[in-house]
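Engineer: Need the 3D shape of this:
(2 chains)
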Protein chains: 2
Amino acid sequence: MTTPDWIAIDWGTSHLRAWAMSPAGEVLDRADSECGMSRLERADYEPALLELIGPWLPSVGKKCPVLACGMVGSKQGWIEVPYQTTPCHPAGVAVAAPVASPRVEVLICPGVKQDEPADVMRGEETQIAGLLHAQPEFEGVICLPGTHSKWTHVQGGEIQTFQTFLTGELFGLLASQSVLRHSVGRDGWDEGAFLDALHATITHPESIAAKLFSIRAGSLLLGIGGATARARLSGFLIGSELAATRPLWQGQEVAVIGATELAAIYVTGLEALGAKPRFHPGETMTLAGLLIAYLEWSHRDNPAGQESVELG
Amino acid sequence: MTTPDWIAIDWGTSHLRAWAMSPAGEVLDRADSECGMSRLERADYEPALLELIGPWLPSVGKKCPVLACGMVGSKQGWIEVPYQTTPCHPAGVAVAAPVASPRVEVLICPGVKQDEPADVMRGEETQIAGLLHAQPEFEGVICLPGTHSKWTHVQGGEIQTFQTFLTGELFGLLASQSVLRHSVGRDGWDEGAFLDALHATITHPESIAAKLFSIRAGSLLLGIGGATARARLSGFLIGSELAATRPLWQGQEVAVIGATELAAIYVTGLEALGAKPRFHPGETMTLAGLLIAYLEWSHRDNPAGQESVELG
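Structural biologist: Sure, this is the predicted structure:
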């Protein structure tokens, strides 16, 4: 394998993902680990990173630039990188983290905050920057499903407003740790049950806590299976999120950025409700956003080198 | 201490509570343990019970009747006691559990199910029976806050319909296991924050998952304290439950049966929204309901003995 020109990192609460990259943003190799923020103390970040990307690094020579986004820049992260504030372009200036190793230079992208109502993101802004790089004229609504789903309105190349939903984390807690864990299967899917639950929640979003318990009652009294219960739980929770965001998607085009499987569920739900969702793979958007950060850093730090990259 | 005439048991998912009782329903002594259903296999129930109530039992002589309600009668309980089906009087016929010891006779009260929409209760029916014993003419709405809050409509001495909300379990999971655990204090209270959150959720119940995340954002960006975050979480979740049950409480009297601290929060919320809640202590209602079950069993099993109790 050729030594990468730079390394892209998506470092979230539960996972650390790394890509060895060419100057033009092609993926040369990939690696990941479970060393997410929730498992790390401050001093653990550099060893965790070097363990994962060490095989890609030359033993001597110049430092390899590592561009990272996500919770790695939060208060519990490697260093706290100050947020940008809305309205703002999603791609801010990456900040260098303290590093002992002579082999890497680590740069962390800032998250974005909104003052009123108070809200925060770390990682999604990089995906939004990636989308805007691919479609500079993009204006409208972006949905980013995940542990903490984001809905944002982009105009004039800037994030204008955004809102975060605890949907994915609720799903995980309810499926694995609540009384519903006896009813909800670990896998399997029932599209009809998902859509029924979605429509029921759009119509009566206020009774979400009763709908959640109905999954348990349905499994006890009606023998509803694990795949159906899983789809129903997803339909109730995504339905609640879509009931709240209806003014953003009703009859509109919506860019959906996320992991393929989860994003497909949102696309199905949005289409069933009359919106026009368009899927953009989360990994592609993250890498495009980190490439922008790399080029920006490269240009800032070393204008001549950057020029030769662009011409090379 | 005098040997109890009978023993009352409230055996739920997380706790086992016992009271040594006089024939007329006075509490002679009390004991509790953490041996709830979630920690027990079927064979563990009898030893867990005898460990807790052993000191109250005479070493020889007749068996002491033990009347129990709650999850002890569920599929994962000591024995599965079939549900009564709505509409029904809340006090059903207690069923004997298999017991090896010659010192006790264990009788478990049936729960109540509703076929459409599917719903279940185990334990709350005994509290409702207790309320109806104290107020035989009671008709109207009863709210039973808890891990799985119940709202029920009682008419003609029967439970007509009911609905369960996962509110308490959501609070516990979110406060202790979600990202909100970094923001929500273990104790403390902020009444203004509770009421603000309650009103915000009654007005816009659809955006519950965004309101939940706003607690984290408020703590990160605005430095909101743990007590305020705790009250806000409670206000959002109880507000969601009250938004869904509005037709039951709006301008109405509501009997609230529950643990004092939690019930007081519901009473505060209901009063703020214009309902007329009236608090009934959960323990008193449980013991009144179990007394009815004891007298019914006593009369059925031993009509002469029962007569002397009633005259004695």
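Engineer: Residues contacting stretch A:68-81, please?
Structural biologist: With contacts defined as C-beta atoms under 8 Å, 6 or more residues apart in numbering or on different chains, stretch A:68-81 is touched by A:8-13, A:36-37, A:42, A:45-46, A:95, A:97-98, A:106-111, A:122-123, A:125-126, A:286, A:289-290, A:293, B:220. Any C-beta I mention is one placed from the backbone N, CA and C, and that applies to glycine too.
Engineer: That stretch: how far from the chain's middle?
Structural biologist: Taking C-alpha atoms, centre = their mean, to the nearest Å, one finds stretch A:68-81 lying 14 Å from the centre of the chain it belongs to.
Engineer: If we go by neighbour counts, what in stretch A:3-13 is buried?
Structural biologist: Neighbour counts over stretch A:3-13 (16 or more other C-beta atoms under 10 Å in any protein chain shown) mark A:4-13 as buried.
Engineer: so which of those residues are also by chain B?
Structural biologist: residue A:13 (C-beta under 8 Å from any C-beta of the partner chain).
Engineer: biggest separation within the buried residues of stretch A:3-13, which pair?
Structural biologist: Using C-beta to C-beta, the buried residues of stretch A:3-13 reach their maximum pairwise distance at A:5 and A:13, which is 28.5 Å.
Engineer: quick one: the residue of chain A most remote from its centre and residue B:215, what's the gap?
Structural biologist: In terms of distance from the mean C-alpha position of chain A, residue A:221 ranks first, at 38.1 Å (C-alpha atoms, centre = their mean). To residue B:215, residue A:221 is 35 Å away according to C-beta to C-beta, to the nearest Å.
Engineer: quick one: residue A:211 and residue A:199 touch, right?
Structural biologist: No. Counting by C-beta atoms under 8 Å, residue A:211 does not reach residue A:199; the two are 11.8 Å apart.
Engineer: what about those two, which has more around it?
Structural biologist: residue A:211 (25 against 15; other C-beta atoms under 10 Å in any protein chain shown).
Engineer: The spatially closest residue to that one that is not a sequence neighbour: how many residues sit nearby?
Structural biologist: In space, residue A:211 comes closest to residue A:236 once its chain neighbours are excluded; the distance is 4.7 Å by C-beta to C-beta, 6 or more residues apart in numbering or on different chains. Close neighbours of residue A:236, defined as other C-beta under 10 Å, add up to 26.
Engineer: pLDDT at residue A:236, what is it?
Structural biologist: Residue A:236 is assigned a pLDDT of 98 by the prediction.
Engineer: I'd assumed residue A:208 was in contact with it.
Structural biologist: Yes. Assessed by C-beta under 8 Å, residue A:236 is found in contact with residue A:208 at 6.4 Å.
Engineer: Check which helices and strands the helix or strand hosting residue A:18 sits against.
Structural biologist: According to DSSP states H and E, residue A:18 maps onto strand A:16-21. Identification of packing neighbours for strand A:16-21 by 3 or more C-beta pairs under 8 Å, 6 or more residues apart in numbering or on different chains; DSSP states H and E yields strand A:6-11, strand A:27-33, helix A:45-53, helix A:282-301.
Engineer: Just the residues contacting the last one, thanks.
Structural biologist: The set of residues that contact helix A:282-301 without belonging to it, under C-beta under 8 Å, 6+ apart, is A:6, A:8-10, A:19, A:21, A:25, A:27, A:65, A:67-69, A:90-91, A:93-94, A:107, A:109, A:123, A:125-131, A:133-134, A:144, A:257-260, A:263, A:305-306, A:309.
Engineer: Wasn't residue A:92 part of a helix?
Structural biologist: No. Under the criterion used here (DSSP: H, G, I helix; E, B strand; the rest coil), residue A:92 is coil, not part of a helix.
Engineer: do you know how far it is from residue A:163?
Structural biologist: With C-beta to C-beta as the criterion, residue A:92 and residue A:163 are 20 Å apart.
Engineer: what's the answer for residue A:18, then?
Structural biologist: 30 Å.
Engineer: re the thing from before, in ChimeraX, select just the buried ones from the contacts of helix A:282-301.
Structural biologist: In ChimeraX syntax, the buried subset of the contacts of helix A:282-301 is picked out as below (16+ other C-beta under 10 Å):
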select /A:6,8,9,10,19,21,25,65,67,68,69,90,91,94,107,109,123,125,126,127,128,129,130,131,133,144,257,258,263,306,309
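Engineer: Can you flag which of the contacts of helix A:282-301 belong to strands?
Structural biologist: With strands defined by DSSP state E, the entries of those inside them are A:6, A:8-10, A:19, A:21, A:27, A:65, A:67-69, A:107, A:144, A:257-258.
Engineer: Determine which two of these are furthest apart.
Structural biologist: A:65 and A:258, at 26.8 Å, using C-beta to C-beta across those.
Engineer: any idea how far the closest residue to chain B within the stretch 1-150 of chain A lies from residue A:86?
Structural biologist: As assessed by C-beta to the nearest C-beta, chain B sits closest to residue A:118 within the stretch 1-150 of chain A, at 4.2 Å. Residue A:118 sits 11 Å away from residue A:86, going by C-beta to C-beta.
Engineer: And the two? Which one has more around it.
Structural biologist: Taking other C-beta under 10 Å, residue A:118 and residue A:86 do not tie; residue A:86 has more neighbours (21 against 18).
Engineer: which residues touch the more buried one?
Structural biologist: A:112-115, A:158-162.
Engineer: Which phi and psi values does it adopt?
Structural biologist: With angles defined as degrees, to the nearest 10, residue A:86 sits at phi -70, psi 150.
Engineer: what's near enough to touch the residue nearest the centre of chain A?
Structural biologist: In chain A, the centroid-proximal residue (C-alpha atoms, centre = their mean) is residue A:124; its distance is 5.0 Å. Residue A:124 makes contact with A:144, A:146, A:150, A:152, A:257 under the criterion C-beta under 8 Å, 6+ apart.
Engineer: Tell me which two of the residues you listed sit farthest apart.
Structural biologist: A:146 and A:152 (12.8 Å).
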